[in-house]
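S.K.: only geometry, no sequence info:
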């Protein structure tokens, strides 16, 4: 199973592709989409949407995964994050991709075993889990962590859905 994790932002958006490999996980690719700070918001969001469509087409993931929105201290920042998330969600919808979202604490717990981990711990945890020589850039590390979270939870979610479907038929 291949998953595309995306960590949206109005200036930098991290992305990472992880797939199951044997009994573990394998880093396929990752990077950062840089949105021109001088461009107006509409142009940045259009660019983000286009780049997400390109990533989905290039990597053909079984799912596109994001962190659930959280309440930021700064209302303007929360609005900007929501707008960037909207561009990513629209791209996933336009591509017909399966979409999943996880709470930030769940992503941290699945990656490093501690739901309040900081950025540095997340980078080290991602590098360790994926056998990377060094931690990726922070935005890419967050996106890879989101993908890892989904790959941890997807088998259980699939079994629960099958059990519920079977119970409904009985």
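M.R.: Yep, it's here. These figures come from a predicted structure and were not determined experimentally.

S.K.: Just give me the neighbour total for the nearest residue to residue 88 once chain neighbours are set aside.
M.R.: Once flanking residues are discounted, residue 88 sits nearest to residue 8: 4.8 Å by C-beta to C-beta, 6 or more residues apart in numbering. Every C-beta, even on glycine, is put in place using the N, C-alpha and C of the backbone. Residues lying near residue 8 (other C-beta atoms under 10 Å) number 28.

S.K.: so who does residue 8 touch?
M.R.: By C-beta atoms under 8 Å, 6 or more residues apart in numbering, the contact set of residue 8 is 48, 66, 81, 84, 85, 87, 88.

S.K.: same thing but 7 Å
M.R.: 66, 81, 84, 85, 88 (C-beta atoms under 7 Å, 6 or more residues apart in numbering).

S.K.: Quick check: phi and psi at it.
M.R.: phi -70, psi 150 (degrees, to the nearest 10).

S.K.: shaky segments in this structure?
M.R.: 70-72, 157, 170 (pLDDT under 70).

S.K.: follow-up on the earlier one: which ones among the contacts of residue 8 are found in helices?
M.R.: 81, 84, 85, 88 (DSSP state H).

S.K.: Nearest residue to the second one in space, please, no chain neighbours.
M.R.: On the basis of C-beta to C-beta, 6+ apart, the spatially nearest residue to residue 84 that is not a chain neighbour turns out to be residue 8, at 4.0 Å.

S.K.: for the third one, same thing?
M.R.: On the basis of C-beta to C-beta, 6+ apart, the spatially nearest residue to residue 85 that is not a chain neighbour turns out to be residue 8, at 5.0 Å.

S.K.: Where do the helices of this protein begin and end?
M.R.: Under DSSP H, the chain gives helices at 41-59, 75-95, 104-112, 119-130, 138-169.

S.K.: Single out the most deeply packed of the ones you listed.
M.R.: Across the helices of the chain, the average number of neighbours (mean count of other C-beta atoms under 10 Å) peaks for helix 104-112, which reaches a mean of 20.

S.K.: Pull out the buried residues from stretch 94-104.
M.R.: Buried residues in stretch 94-104, counted by 16 or more other C-beta atoms under 10 Å: 95, 97, 100, 102, 104.

S.K.: Looks like the third one contacts residue 152 (just checking).
M.R.: No - Residue 100 sits out of contact with residue 152 when judged by C-beta atoms under 7 Å, with a separation of 11.7 Å.
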